[in-house]
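Visitor: Generate a structure from the sequence data that follows.
(chains A and B)
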Amino acid sequence: MNAEQLLTQLNGLKAVFEEKEDELTQLDREIGDGDHGVNMKRGFNAVAEKVSDGSAQDILKQTGMTLMNSIGGASGPLYGFSFVKMSEVAKDEIDNDNLMEMLEVFSKTVGDKGQVEAGEKTMYDVIVKSANVLRETGGLRLKDLQRLADETEDMIATKGRAAYFKEDSKGTVDPGAQSAVYIIHALGEGAGND
Amino acid sequence: MKKLIKQKESFLNDMLDGLKYRDTQIEIIEETVAVRKNKRDKGVAIVSGGGSGHEPAHAGYVAHGMLDAAVCGEVFTSPTPDKVLAAIKATDCGEGVLLVIKNYAGDVMNFEMAQEMAEAEGHRTASVIVRDDISIDNEEQRRGVAGTILVHKFAGYLSEQGLSLEQIRERTEEMMTGLYSIGMAVQPCLVPTTGAYGFDLAEDEMEIGIGIHGEKGIYREKIETADSIVNRLQDEIFKHTDSSHLIVMVNGMGATPDSELNIVTKYVMEGLESKGKSVSRLLVGNYMTSLDMQGFSLTVVEHDDYLAQALNAPTESKHF
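Guide: Numbering: from 1, shown residues only, chains lettered A, B, ... in the order given. All right, here's what the predicted structure looks like:
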């Protein structure tokens, strides 16, 4: 994936989050405060509007800063900072090895910044296992990523707003895990994607 | 959805544009940061903020004696680090800036990120995290709710007394160890940005232990009469404190009629009297709301003479 393809993928997330706004709202309403859909839509609208041509590194960094300054909430700094950190390892031509590196940075950034571990029913559950998916299947197919998000359904939240509901947080897919599916899927373009 | 808005995307900016006409003591910079027109020229600046939908919090407390700036996020969404940084830069007059943050993952992350950026640019900052919601057992996870307004007032007073940034932070931390809130709702709020109610509640149900973002409470129960509900909340609070000198806030959640707040207040005060508590200041009204939610929260703070004096000191905020 070169810079131009990367930009197309990231710009394409605007339409994805427009389409998925209600789905994310519905999930967040169950175990959060219902605004994850509208926040992600605002973030990637801003990306489509503001992020312009440049190297792959520039594009990732601009995307990160734009997300950080437009999403708000916890997702804003977590996704935003992760894109900034990924820009530091991205190469001009992002192949599968480089993508693996980026996903590891993504995972480390969310883990550190969000002080979160696997199994806490957050976006991290999808992000941390996505490198494995890439390693094992040679791609980042939507159905494989979705399975990771679906695994959060039976988890009990111990981080984020869903944690207030303890046992009651079971039975709903974490909205952050769901949005992470779409973001990672977009990054996987050209890596044996569907 | 029936709401007095033009479009959901412009909710925040339209609201702040309107606020400028109503509150001529503040101005809006960087689109979403409310600052005092009569800026301080010395002392520690106090900056707070958070998502919108809690009006009059936080912009309504931007006034002499309370806040120097309030950073306003989208509805129920923490503001972004660039805006918090703008607030720090606009208010710092060289003696540092105290950030009053409510304990939500998003607020803490965005404010702390701005704090790092501000420090890198040479501003001295400190922060306190408000965790007054005792409906959450785990103390680290407790949310910042209506008690935050008392923290604004106390920190604002300390700044007026000329205390240093570190002194203000310490004394505010100390004050917050005796600050307890718990809230309840009889009707959820309609969130204009999603067009949906924060949760669904049957005709005969209530939520105990609500936060301020339209999220569900910790317990869902059959509705009871106002006196029983007040008893229930007081019992929760007095599991945490046995102090007999209290300042009390009965906070409306946004769409609770004043008449009902008065009824609640009656049972709050009678209950406290029967427990032998003395109340040196009672605040009743909409201080920290959750859009059009119906319900109330009860906040008590243990106090000494100094804290009472601080909370009773004048402020130019017409909402305190």
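Visitor: Tell me how many other residues crowd residue 166.
Guide: Since no chain was named, I'll use chain A. 15 (other Cβ atoms under 10 Å in any protein chain shown). Glycine gets a C-beta too; all of them are placed from N, C-alpha and C.
Visitor: think we crossed wires, I meant chain B
Guide: 13.
Visitor: go on, B:Lys222?
Guide: With other Cβ under 10 Å as criterion, B:Lys222 counts 8.
Visitor: swap in A:Val126?
Guide: Neighbour tally, A:Val126, other Cβ under 10 Å: 30.
Visitor: before we move on, what about A:Ala15?
Guide: 11.
Visitor: ok, and it, which helix or strand is that part of?
Guide: helix A:3-31 (DSSP states H and E).
Visitor: Residues contacting whichever helix or strand comes after that helix, please?
Guide: Going down the chain from helix A:3-31, the next helix or strand is helix A:36-50, by DSSP H and E. Identification of contacts with helix A:36-50 by Cβ atoms under 8 Å, 6 or more residues apart in numbering or on different chains yields A:10-11, A:13-14, A:16-18, A:20-28, A:62-63, A:66-67, A:69-73, A:75-76, A:79, A:175-176, A:179, B:8-9, B:74, B:77, B:193-194.
Visitor: which element follows helix A:36-50 toward the C-terminus?
Guide: Once the chain leaves helix A:36-50, the next helix or strand it forms, by DSSP H and E, is helix A:56-68.
Visitor: Name the residues of the helix holding A:Ala15 that come out as buried.
Guide: Neighbour-count burial for helix A:3-31 flags A:3, A:6-7, A:9-11, A:13-14, A:16-17, A:20-21, A:23-31 (criterion: 16 or more other Cβ atoms under 10 Å in any protein chain shown).
Visitor: show me the contacts for A:Asn69.
Guide: So A:Asn69 contacts A:Ala46, A:Gly76, A:Gly80, B:Thr80, B:Pro81, B:Asp82, B:Lys83 (Cβ under 8 Å, 6+ apart).
Visitor: Next, format the residues you listed as a markdown table and append neighbour count.
Guide: Formatted as a markdown table, these follow (neighbours: other Cβ atoms under 10 Å in any protein chain shown):
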| residue | neighbour count |
| --- | --- |
| A:Ala46 | 17 |
| A:Gly76 | 28 |
| A:Gly80 | 27 |
| B:Thr80 | 27 |
| B:Pro81 | 27 |
| B:Asp82 | 18 |
| B:Lys83 | 24 |
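Visitor: Which one of those is nearest to A:Asp53?
Guide: Minimum distance to A:Asp53 across the contacts of A:Asn69 is 16.7 Å, recorded for A:Ala46 (Cβ to Cβ).
Visitor: could you give the mean pLDDT of the helix or strand hosting B:Val268?
Guide: Secondary structure from DSSP H and E places B:Val268 in helix B:258-274. What helix B:258-274 shows for mean pLDDT is 98.
Visitor: Touching it from outside, list them.
Guide: B:226-227, B:229-231, B:234, B:246, B:248, B:250, B:252, B:279, B:282, B:284-285, B:296, B:298.
Visitor: run the last query once more with 10 Å
Guide: Residues outside helix B:258-274 that contact it (Cβ atoms under 10 Å, 6 or more residues apart in numbering or on different chains): B:184, B:186, B:225-231, B:233-235, B:238, B:244, B:246, B:248-253, B:256-257, B:277-279, B:282-286, B:294-296, B:298, B:300.
Visitor: Give me the distance between the two termini of stretch B:121-131.
Guide: End-to-end distance for stretch B:121-131, by Cα to Cα, to the nearest Å: 29 Å.
Visitor: Just the buried positions in the helix or strand following the helix holding B:Val268, please.
Guide: Downstream of helix B:258-274, the first helix or strand assigned by DSSP H and E is strand B:278-285. Buried residues in strand B:278-285, defined by neighbour count with 16+ other Cβ under 10 Å: B:Leu283, B:Val284.
Visitor: How about stretch A:128-137?
Guide: A:Val128, A:Lys129, A:Ser130, A:Ala131, A:Val133, A:Leu134.
Visitor: Tell me the one among those nearest to chain B.
Guide: Comparing these against chain B with Cβ to the nearest Cβ places A:Val128 closest, at 17.7 Å.
Visitor: related to what we said a few turns ago, so which of the buried residues of stretch A:128-137 are in strands?
Guide: Judged by DSSP state E, the buried residues of stretch A:128-137 include no members of strands.
Visitor: how about these in a markdown table, adding distance to B:Leu158?
Guide: Shown next, in a markdown table, are the buried residues of stretch A:128-137 (distance: Cβ to Cβ, whole Å):
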| residue | distance to B:Leu158 |
| --- | --- |
| A:Val128 | 43 |
| A:Lys129 | 48 |
| A:Ser130 | 48 |
| A:Ala131 | 49 |
| A:Val133 | 53 |
| A:Leu134 | 53 |
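Visitor: is stretch A:20-31 up against chain B anywhere?
Guide: Yes. Looking at stretch A:20-31 against chain B by Cβ under 10 Å from any Cβ of the partner chain, the contacts come from A:Glu21, A:Asp22, A:Leu24, A:Thr25, A:Gln26, A:Asp28, A:Arg29, A:Glu30, A:Ile31.
Visitor: for those residues, which one is nearest chain B?
Guide: So of these, ranked by how close each gets to chain B (Cβ to the nearest Cβ), first place is A:Thr25, at 4.9 Å.
Visitor: show me what contacts that closest one?
Guide: With Cβ under 10 Å, 6+ apart, A:Thr25 has these contacts: A:32, A:34-41, A:175, B:191, B:193-196.
Visitor: Please indicate which of those are buried?
Guide: Looks like the contacts of A:Thr25 have A:32, A:34-41, A:175, B:191, B:193-194, B:196 buried, using 16+ other Cβ under 10 Å.
Visitor: and which of those residues is nearest B:Gly51?
Guide: Using Cβ to Cβ, the buried ones among the contacts of A:Thr25 come closest to B:Gly51 at A:Asp35, 8.4 Å.
Visitor: Tell me, how many residues neighbour the residue of the stretch 201-320 of chain B found nearest chain A?
Guide: Closest residue of the stretch 201-320 of chain B to chain A, Cβ to the nearest Cβ: B:His213 (4.1 Å). Neighbour count of B:His213, defined by other Cβ under 10 Å: 26.
Visitor: And for A:Leu78?
Guide: Neighbourhood size, A:Leu78 [other Cβ under 10 Å]: 28.
Visitor: how much space between it and A:Ala180?
Guide: From A:Leu78 across to A:Ala180, the span is 10 Å (Cβ to Cβ, to the nearest Å).
Visitor: overlap in contacts of the two?
Guide: Residues touching both A:Leu78 and A:Ala180 (Cβ under 10 Å, 6+ apart) are A:Phe106, A:Val110, A:Thr122, A:Met123, A:Tyr124, A:Ile127.
Visitor: So which of those sits lowest on pLDDT?
Guide: Among the shared contacts of A:Leu78 and A:Ala180, A:Thr122 has the lowest pLDDT, at 93.
Visitor: these two touch, right, it and A:Gln178?
Guide: No. If you go by Cβ atoms under 10 Å, A:Thr122 and A:Gln178 don't touch, sitting 11.0 Å apart.
Visitor: okay, those two: which has more neighbours?
Guide: A:Thr122 (31 against 25).
Visitor: Leaving out sequence neighbours, find the closest residue to B:Leu246.
Guide: Of all residues not flanking B:Leu246 in the chain, B:Val300 sits nearest, at 4.7 Å (Cβ to Cβ, 6 or more residues apart in numbering or on different chains).
Visitor: Excluding residues flanking it in the chain, which one is nearest B:Arg281?
Guide: B:Ile247 (4.5 Å).
Visitor: swap in B:Gln167?
Guide: Leaving aside its chain neighbours, B:Gln167 sits nearest to B:Leu158 (7.2 Å; criterion: Cβ to Cβ, 6+ apart).
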